[in-house]
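Asker: Kindly generate the corresponding structure for this input.
(2 chains)
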Amino acid sequence: MELRLYDTLTREKRVFRPLDSARVRMYVCGPTVYDFAHIGNARPVIVFDVLFRLLRHLYGAKHVKYVRNITDVDDKINARAAERGVPIRDLTEETYKNFKDDVAALGCLEPTVEPRATEHIAEMKTLIERLVESKHAYVAEEHVLFAVSSMPDYGKLSNRSLDEMIAGARVEVAPYKRNATDFVLWKPSKPGEPSWPSPAGIKAPGRPGWHIECSAMSWKHLGEVFDIHGGGIDLVFPHHENEIAQSRCAFHTGAMANYWMHNGFLQVEGEKMSKSVGNFLTINDQLDHWGGSVLRLNMLKTHYRQPIDWTQTNLKEMGRELTRWTDLTQSNSEDDQDGVRTIVEALNDDLNTADAITQLRGFYKSKNVSALRVGMELLGLSTDPKSIQGRKHKRMYVEAGHISITGQSVQLTIAPGSIEKLIAARNSARSARNFSEADRIRDELATMGVVLKDSKDGTTWELAR
RNA sequence: GGCCACGUGGCGGAGUGGUGACGCAGCGGACUGCAAAUCCGCGUACCCCGGUUCAAUUCCGGGCGUGGCCUCCA
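Answerer: I've put the predicted structure just below:
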């Protein structure tokens, strides 16, 4: 089956055909760097990482360009920097670094380019000048505004008409706007706010509006029209709608991107995630409790367009399932391309990761080690057993006769040699049918986190999960 | 209020106009001194009401519920 993707604009699954198969181009809206990214932010990052991996597989790694921007100029950033009394640049750099660490822990490849808004002011101004020249934008009170009425099919992506939007407008309309739905391309900066010389003959220094940066960065790195544009479903309106308006009107094209993909929202324990409810989960915090692969698997077990409920129960379940898989992948195996083919087949159907995971379960059940391993790798899931536990959880691993510990240092209460001695003692008690002594030793080991497994080939042990 | 999604067994979660995916839990069994782990087996679900159809969980309409957007939030 060929790759088919659901396109928000046409509201249907369509066979994916890149404009240029030697250069598949994808743009995804990245974070605004003012605070730790939350678990909801992780969804598009993971989902589009899977798509990136799939496209690399289908078209070759060198033929796919994935651009994910960093928004480092924004009112929330200004506010947070002022609140903390730190320079804006320090805040955005620190936050970006944290984001990068989080995303790497989630098993995501780095995008081909990670452009920053502040490094594309020139491109934004060029776009704004063009829009003003072609009467798609106008200057009013030192702002530049996009004239929505200049674009007949504005609203197509979010499927809303101008009349509806005007009727439904709940915000008070700024007096300098010609039309209630016109949006800001450039606005004046107050003293202390980041500012640049303004375009369109405006004397006062200013800064860009929210939407123009993505039009500028996608243009710079991918061209006027490209293949895929992705992001969270909440960005459909107004952000993506406005990006389309800016780019299409600036370049006089019929489309900005050929496929618009949007991931669904996430809830936490059945409730909307919000700081006031107190269930606001950052990626960083979740990584304390779970390895990145567990978070990733938990995210991918639901199709990307479906809503997802982020719960402890599910995370536990995924942690256990992943443990079984990673344990199995430690055994030797021959290369097996069936695994890749099967997973690609599942993903080709609009990135059906849930089905892909079902296929992995089949590989596990049939003990197809190689297929399981390559399948997991294609989904970006680590096959390393150490990737299960979070940073705060200590787990010991027995490797080549040594015990190694992940996470912070722990007090070793027993050495591997002593474990062997206790097992021997227990086994002699068992052969003497002294089961109370045998069970006592087993319990003693259990309190140290050592779990015994009796098989006909003898007794083995592992650390409690 | 307007627009848009979603509603599947105890839980999670695919999918389909007509043979009950898959995982967890649960139950039964094998193995075991007993466990643990593992393996085998077991489940007639598709929010409600209409309509279309030989046949609907799947299509259409209405209702209810949940969520999202309409305020620079993935």
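
Asker: alpha carbons only for contacts and neighbour counts from here, please
Answerer: Will do.

Asker: my guess is A:V50 meets A:L379, correct?
Answerer: Yes - A:V50 lies in contact with A:L379 (Cα atoms under 8 Å); the separation is 6.0 Å.

Asker: These two: which is more packed in?
Answerer: Ranked by neighbour count (other Cα atoms under 10 Å), A:V50 and A:L379 place A:L379 first, with 27 against 22.

Asker: so who does the more buried one touch?
Answerer: A:V50, A:R53 (Cα atoms under 8 Å, 6 or more residues apart in numbering).

Asker: Please state the backbone phi and psi of it?
Answerer: Dihedral angles of A:L379 (phi, psi; degrees, to the nearest 10) stand at phi -90, psi 0.

Asker: Relative to RNA strand B, how far out is it?
Answerer: Distance of A:L379 to RNA strand B, given as Cα to the nearest atom of the strand, to the nearest Å: 16 Å.

Asker: same deal with A:V103?
Answerer: For A:V103, the distance to RNA strand B - Cα to the nearest atom of the strand - is 13 Å.

Asker: State the distance from the residue in chain A positioned nearest to RNA strand B to A:P238.
Answerer: Residue nearest to RNA strand B within chain A: A:G232 (2.0 Å; Cα to the nearest atom of the strand). A:G232 sits at a distance of 12 Å from A:P238 (criterion: Cα to Cα, to the nearest Å).

Asker: Run through the residues of the stretch 351-465 of chain A sitting next to RNA strand B.
Answerer: A:352, A:354-355, A:358, A:361-362, A:365, A:430, A:435-436, A:438-439, A:451-456 (Cα under 7 Å from any atom of the strand).

Asker: Filter the residues you listed down to the ones in strands?
Answerer: A:V451, A:L452, A:K453, A:D454, A:S455 (DSSP state E).

Asker: And the residue of chain A closest to RNA strand B, how far from A:I46?
Answerer: 12 Å.

Asker: These two: who's more crowded?
Answerer: For A:G232 versus A:I46, the count of surrounding residues by other Cα under 10 Å is larger for A:I46: 24 against 21.

Asker: Let me know the helix or strand that the more buried one is in.
Answerer: A:I46 is part of helix A:39-59 when elements are defined by DSSP states H and E.

Asker: ok now that helix, how far from the chain's centre?
Answerer: The chain centre lies 7 Å from the centre of helix A:39-59; the measure is Cα atoms, centre = their mean, to the nearest Å.

Asker: same thing with stretch A:283-290?
Answerer: 14 Å.

Asker: Over to stretch A:347-356?
Answerer: 16 Å.

Asker: ends of it, how far apart?
Answerer: 7 Å.

Asker: residue contacts, the closest residue to A:W461 other than its chain neighbours?
Answerer: Excluding its sequence neighbours, the residue lying closest to A:W461 (Cα to Cα, 6 or more residues apart in numbering) is A:L452, at 4.4 Å. Shown in contact with A:L452 (Cα under 8 Å, 6+ apart): A:R442, A:T459, A:T460, A:W461, A:E462.

Asker: any chance of the residues you listed in TSV, with distance to A:Y259 and neighbour count too?
Answerer: Below are these laid out as TSV (distance: Cα to Cα, whole Å; neighbours: other Cα atoms under 10 Å):
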residue	distance to A:Y259	neighbour count
A:R442	59	17
A:T459	56	14
A:T460	53	12
A:W461	52	14
A:E462	49	13
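
Asker: With respect to A:I419, which of these is nearest?
Answerer: When the contacts of A:L452 are compared for distance to A:I419 (Cα to Cα), A:W461 wins out at 8.5 Å.

Asker: Tell me, how many residues neighbour the closest residue to A:L445 other than its chain neighbours?
Answerer: Computed as Cα to Cα, 6+ apart, the closest residue to A:L445 that is not its neighbour in sequence is A:V451, at 6.9 Å. Residues lying near A:V451 (other Cα under 10 Å) number 16.

Asker: what does the one 3 residues further on give?
Answerer: Neighbourhood size, A:D454 [other Cα under 10 Å]: 10.

Asker: Dig out what the residue nearest to it when sequence neighbours are not counted forms beta bridges with.
Answerer: Nearest residue to A:D454, sequence neighbours excluded (Cα to Cα, 6+ apart): A:T460, at 6.5 Å. On the basis of DSSP bridges, A:T460 is bridged to A:K453.

Asker: from memory A:T460 sits against A:R442, does it?
Answerer: No - using Cα under 8 Å, A:T460 is not in contact with A:R442; the gap is 11.9 Å.

Asker: Stretch A:79-95 spans what distance, first to last residue?
Answerer: 14 Å.

Asker: Give me the distance from it to the chain's centre.
Answerer: Centre-to-centre, stretch A:79-95 and its host chain are 23 Å apart (Cα atoms, centre = their mean).
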